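Sequence and predicted structure, then a few things I'm wondering about:
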Amino acid sequence: MRRNEEMKLGLYLARAGYHPSAWRDPSAPTGCGLDIDQYAYLAALAEGAAFHFVFLADHQGIISDHSAIARESGSDDFEPITLLSALSSRTQDIGLVATATTTYYQPYHLARMFASLDHLSRGRAAWNIVTSASDFEAENFGEKELPDHETRYARAREFVEVAKGLWDTWQDDAFIRDKKSGIYADPGKLHLLDHRGNHFSVRGPLNIGRPPQGYPVLVQAGASDTGIAFAAEVGEVVFTAEPSLEIGKQYYRALKEKARALGREDDRLLVMPGIVPIVGTTKQEASEKLRKLQSDTHIDVLIAQAQLSLGSVIDLRSVNLDALVPDKLPPTNFIQSRQKLLVELAARQNFTWRQLIRLVSDSRGHLLVVGTPDEVANTMIDIFDQGAADGFNVLPATAPSGLKDFVEFVIPELRQQGKFRSKYSGQTLRENLGLNRPANRFTQASVRALSKLDR
């Protein structure tokens, strides 16, 4: 199917912004990590601009090098589903994407929580499906280290199938709630899951009705070979880091081909890479904004973030920062795709360690665009038109100031060129993204059984 000519936009909802020194920006509230009004304000800005969703990242613990904690702002954040549940009552149309790991939750927990969020928001919930990526997380759950990469993804596949099965255990019209007859629910439309697998044993049913969207929208961020296969199989929105047009086109093509091989149509899987826009009325003004953020970032934070992004396989405090980055690093059990992306980028650009560490701080491997509103908009349109993205997850370097710049100056440029909408087109997130509402597996099974009897 031919895709819509308007791009999709999400807002990465990060405390004071995506840059590690954003919390020092004068526009950021001092306690932004635990300031519900800050998050509500950012969501309102995005909703007023008709963004498709806000996106919350998460880890099950503090995963950075502890030497940087004194100067980082990421140690005091709300749990995403809790925060988005609160924001569901302070927004009307915008989608609510929460990150939750399949490694340290159980399917029943998350299926119930996301069904609740979908009901609270009247059909605006989405689940960013991740596997935990740090031994710091493992140690919070009685383990010394993470399961290996393949095991985490095998568990994730089964986890998602169980969650979808639980969302189907009540048919859409199972709850009658007829006061006159005294019938509250039709037991004929209740189904046990009775799942028995390699990782989970789950009876069901879920003790909440089927979500308004059938399933919350399923978001994924796979970029390793295993991750891409998983994204092609289950993802409906894929959040990826693609720092150049050519890399983006290669990823887009590979993912869509894998999805097609599984019988999926192109417009049922949306690729939305991250973009870090720093906007100024002139190129010089935008560059000065970046320079100020860089000058506010302590070397301990720079090194800690780069070390984590590279998979914690090298001690950057012991290397010569002016030496060239080698073309290969030891394998990691952390985010393999991000390590590979950064090492390959360093090789293409002939980076020293110092240059790579700075790049990680500024964008963490996402596309960084520093310029005027038309430069930012034209970069996005070029990537969209050349088939490297269906939209973007916008990661403002600072918030609210950077987000306000994007909404006030870049969004009008996109609209003027017919590349972004001016209002919401549907009631649910699925409708706004152009995604189908999934049928209930048990209803489908009944229909198939009846059709066989009629033959």
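Received the coordinates, thanks. Residues are numbered from 1 along each chain as shown.

Residue 316 against residue 357, yeah?
Yes. Using Cβ atoms under 8 Å, residue 316 is in contact with residue 357, at 6.9 Å. All C-beta atoms are positioned from the backbone trio N, CA, C, and that covers glycine.

Report the contact partners of residue 146.
Counting by Cβ atoms under 8 Å, 6 or more residues apart in numbering, residue 146 touches 103, 132, 133, 134, 135, 137, 138, 152, 333.

ok, 6 Å please
135, 138, 333 (Cβ atoms under 6 Å, 6 or more residues apart in numbering).

Most neighbours among those residues, please name it.
residue 138 (20 neighbours; other Cβ atoms under 10 Å).

Kindly tell me how buried the nearest residue to residue 53 once chain neighbours are set aside is, as a neighbour count.
With sequence-adjacent residues excluded and distances taken as Cβ to Cβ, 6 or more residues apart in numbering, residue 53 is closest to residue 95, at 3.1 Å. Residue 95 is flanked by 32 other residues according to other Cβ under 10 Å.

Only alpha carbons, please: show stretch 111-128 as PDB.
Taking C-alpha atoms only, stretch 111-128 is exported to PDB below (Å, rounded to 0.1, in the frame of the first residue of the first chain):
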ATOM      1  CA  ALA A 111      -0.900  -6.700  30.000                       C
ATOM      2  CA  ARG A 112      -3.100  -5.400  32.800                       C
ATOM      3  CA  MET A 113      -1.200  -2.100  33.200                       C
ATOM      4  CA  PHE A 114      -1.300  -1.300  29.500                       C
ATOM      5  CA  ALA A 115      -5.000  -2.300  29.200                       C
ATOM      6  CA  SER A 116      -5.700   0.100  32.100                       C
ATOM      7  CA  LEU A 117      -3.700   2.900  30.500                       C
ATOM      8  CA  ASP A 118      -5.600   2.300  27.200                       C
ATOM      9  CA  HIS A 119      -9.000   2.500  29.000                       C
ATOM     10  CA  LEU A 120      -7.900   5.600  31.000                       C
ATOM     11  CA  SER A 121      -6.800   7.400  27.900                       C
ATOM     12  CA  ARG A 122      -9.700   6.100  25.800                       C
ATOM     13  CA  GLY A 123      -7.500   4.300  23.300                       C
ATOM     14  CA  ARG A 124      -4.200   6.300  23.300                       C
ATOM     15  CA  ALA A 125      -1.800   3.800  24.900                       C
ATOM     16  CA  ALA A 126       1.300   2.300  23.300                       C
ATOM     17  CA  TRP A 127       4.000  -0.100  24.700                       C
ATOM     18  CA  ASN A 128       7.600   0.400  23.800                       C
END
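
So for that stretch, what gets flagged as buried?
For stretch 111-128, burial by neighbour count (16 or more other Cβ atoms under 10 Å) applies to 111-121, 123-128.

repeat for stretch 362-379
Buried residues in stretch 362-379, counted by 16+ other Cβ under 10 Å: 362-373, 375-379.

quick one: which helix or strand includes residue 17?
Assigning secondary structure by DSSP states H and E places residue 17 outside every helix and strand.

ok, back up a step: distance to residue 444, pLDDT and secondary structure for the contacts of residue 146 - can I get that in CSV?
Shown next, in CSV, are those (distance: Cβ to Cβ, whole Å; pLDDT from 0 to 100; DSSP: H, G, I helix; E, B strand; the rest coil):
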residue, distance to residue 444, pLDDT, secondary structure
135, 42, 87, helix
138, 39, 93, helix
333, 39, 70, coil
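
Could you export the residues you listed as CSV, including distance to residue 223?
Shown next, in CSV, are the contacts of residue 146 (distance: Cβ to Cβ, whole Å):
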residue, distance to residue 223
135, 21
138, 22
333, 16
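
Out of those, flag the one nearest to residue 162.
The closest of these to residue 162 turns out to be residue 138 (Cβ to Cβ; 21.7 Å).

any idea how far the closest one lies from residue 63?
According to Cβ to Cβ, to the nearest Å, residue 138 and residue 63 sit 10 Å apart.

Remind me what the helix or strand encompassing residue 304 packs against, helices and strands.
Assessed by DSSP H and E, residue 304 sits inside helix 299-309. If you count contacts as 3 or more Cβ pairs under 6 Å, 6 or more residues apart in numbering; DSSP states H and E, helix 299-309 packs onto helix 353-363.

buried sites along the helix or strand just after the helix holding residue 304?
Counting by DSSP H and E, the next helix or strand C-terminal to helix 299-309 is helix 336-349. For helix 336-349, burial by neighbour count (16+ other Cβ under 10 Å) applies to 336, 337, 338, 339, 340, 341, 342, 343, 345, 346.

again, but for stretch 105-112
For stretch 105-112, the neighbour count (16+ other Cβ under 10 Å) marks 105, 107, 108, 110, 111, 112 as buried.

Give me the contact list for that stretch.
Contacts for stretch 105-112 (Cβ under 6 Å, 6+ apart): 100, 159, 162, 163, 166, 200, 202, 206, 208.

Could you do stretch 322-335 as well?
Contacts of stretch 322-335 (Cβ under 6 Å, 6+ apart): 133, 146, 311-313, 339, 343, 346-347, 351-353, 356.

related to what we said a few turns ago, quick one: the residue nearest to residue 53 and residue 430 touch, right?
No. Applying Cβ atoms under 6 Å as the test, residue 95 and residue 430 come out as separate, 8.9 Å apart.

report the angle between the axes of the helix ranked longest in the chain and helix 336-349?
Scanning the chain for the helix with the most residues, using DSSP state H, yields helix 149-167. Using axes from the mean of the first three to the mean of the last three Cα atoms, to 10 degrees, one finds that helix 149-167 and helix 336-349 are set 130 degrees apart in direction.

Which SSE is immediately downstream of helix 149-167?
Helix 149-167 is succeeded, C-terminally, by strand 175-178 (DSSP H and E).

That following strand pairs with which strands?
strand 183-185 (antiparallel) (DSSP bridges).

outside of the strand it pairs with, which residues touch it?
174, 175, 176, 177.

Against residue 366, how distant is residue 280?
Residue 280 is 19 Å from residue 366, by Cβ to Cβ.

Low-confidence bits of the protein, can you list those?
Low-confidence segments of the chain (pLDDT under 70): 1-4, 65, 334, 445-455.

can you pull out the strands in this structure?
Assigned by DSSP state E, the strands in the chain fall at 8-12, 53-56, 95-101, 125-130, 175-178, 183-185, 195-196, 201-202, 217-220, 237-240, 270-279, 367-371, 391-394.

Now find how far off-centre the longest helix of the chain is within its chain.
The chain centre lies 17 Å from the centre of helix 149-167; the measure is Cα atoms, centre = their mean, to the nearest Å.

so that helix versus strand 125-130, what angle?
For helix 149-167 against strand 125-130, the angle by the same axes, to 10 degrees is 160 degrees.

Output helix 149-167 as CSV - backbone C-alpha positions only.
Extracted C-alpha coordinates of helix 149-167, given in CSV (Å, rounded to 0.1, in the frame of the first residue of the first chain):
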residue,chain,number,x,y,z
HIS,A,149,21.2,-11.2,24.0
GLU,A,150,19.5,-14.2,22.3
THR,A,151,17.8,-15.4,25.5
ARG,A,152,16.4,-12.0,26.2
TYR,A,153,14.9,-11.7,22.8
ALA,A,154,13.4,-15.3,23.0
ARG,A,155,11.8,-14.3,26.2
ALA,A,156,10.5,-11.1,24.7
ARG,A,157,8.9,-12.9,21.8
GLU,A,158,7.0,-15.2,24.1
PHE,A,159,6.2,-12.3,26.4
VAL,A,160,4.5,-10.3,23.7
GLU,A,161,2.5,-13.3,22.5
VAL,A,162,1.2,-13.9,26.0
ALA,A,163,0.3,-10.3,26.5
LYS,A,164,-1.7,-10.2,23.2
GLY,A,165,-3.4,-13.4,24.2
LEU,A,166,-4.4,-11.9,27.6
TRP,A,167,-5.8,-8.8,25.9
